[in-house]
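Asks: A predicted structure for the sequence below; I have some questions about it.
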Amino acid sequence: MTSAKGGYALEAPAAWTGDKQGKVTTLSSRAKDVVVTIGPAPRGNLADAGQAIFDSVADTYSKVTFMGATEQKVDGRKAIVFSVKATNEADVRLRFVGVTFTDAGRNYLMTAFTPEDSNAERVLPRIETILNTFTATKK
C-alpha cells in the first residue's frame with residue numbers, strides 16, 4: 001500500500017483492510033480489535049512530535065492517562081514510543097501506542113488503538129510487522 005500524498009509505502013497484514021485519506025493510512029484487523037494509523041508527523045524533534053500527537057489524543061478522548069515514553073530504535077530508526085490509556089465516546093476504554101520516527105529526513109507517526117484488555121503478546125507483533133515494512137518514498 002503506497003501513499004503518494006504521505007510519502008511512504010507499507011504492507012498490511014493478510015486479511016486487514018486499509019483506507020487512505022489524504023496523507024494518512026488507516027489499517028484495521030479483520031476482528032476490528034486493532035486499528036493502526038500511519039502518516040506524517042509534525043516537523044522538529046521526535047519528542048515534540050510525539051507530544052503534539054498526545055495533545056491531540058487528550059483533546060479527543062476522555063479519562064486520558066499517559067503511561068510513559070521511551071526513546072528506542074525501531075527497525076533501525078531512532079524513535080519515541082509512548083503509550084496512553086483513554087476512553088472513547090462510546091465509553092470504551094482503549095490502549096493507545098504511538099511511535100514517532102524519522103525516515104529519509106522526515107518525521108512519521110504510527111499509532112495503534114486496541115481495547116484496554118487486549119492481549120499485548122498478540123497485538124504487538126502485528127504492529128511491529130507493519131512498522132517493519134514502512135519505507136519513505138519522498139526524500
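Replies: Okay, I see it.

Asks: OK, contacts around Ala93?
Replies: One correction, residue 93 is Arg, not Ala. Shown in contact with Arg93 (CB atoms under 8 Å, 6 or more residues apart in numbering): Lys63, Lys85, Ala86, Thr87, Pro115, Glu116, Asp117. For every residue, glycine as well, the C-beta is placed using N, CA and C.

Asks: which one is the first one nearest to, not counting chain neighbours?
Replies: Of all residues beyond its chain neighbours, the one nearest Lys63 is Thr87 (4.2 Å), with distances taken as CB to CB, 6 or more residues apart in numbering.

Asks: identify the residues contacting that neighbour.
Replies: The contact partners of Thr87, taken as CB under 8 Å, 6+ apart, are Tyr61, Ser62, Lys63, Arg93, Leu94.

Asks: part of a helix, is Arg126?
Replies: Yes - read with DSSP: H, G, I helix; E, B strand; the rest coil, Arg126 is one of the residues of a helix.

Asks: pretty sure it sits against Ser28.
Replies: No - with contact defined as CB atoms under 8 Å, Arg126 and Ser28 do not form a contacting pair (11.4 Å).

Asks: pull up the overlap in contacts between the two.
Replies: The overlap between the contact sets of Arg126 and Ser28 (CB under 8 Å, 6+ apart) consists of Val34.

Asks: ranges for the helices of the protein?
Replies: In chain order, the chain shows helices spanning 46-60, 120-132, with DSSP state H as the criterion.

Asks: out of those, nearest to Tyr8?
Replies: With CB to CB as the criterion, Tyr8 lies closest to helix 120-132 of the helices of the chain, at 11.2 Å.

Asks: done for today, thanks.
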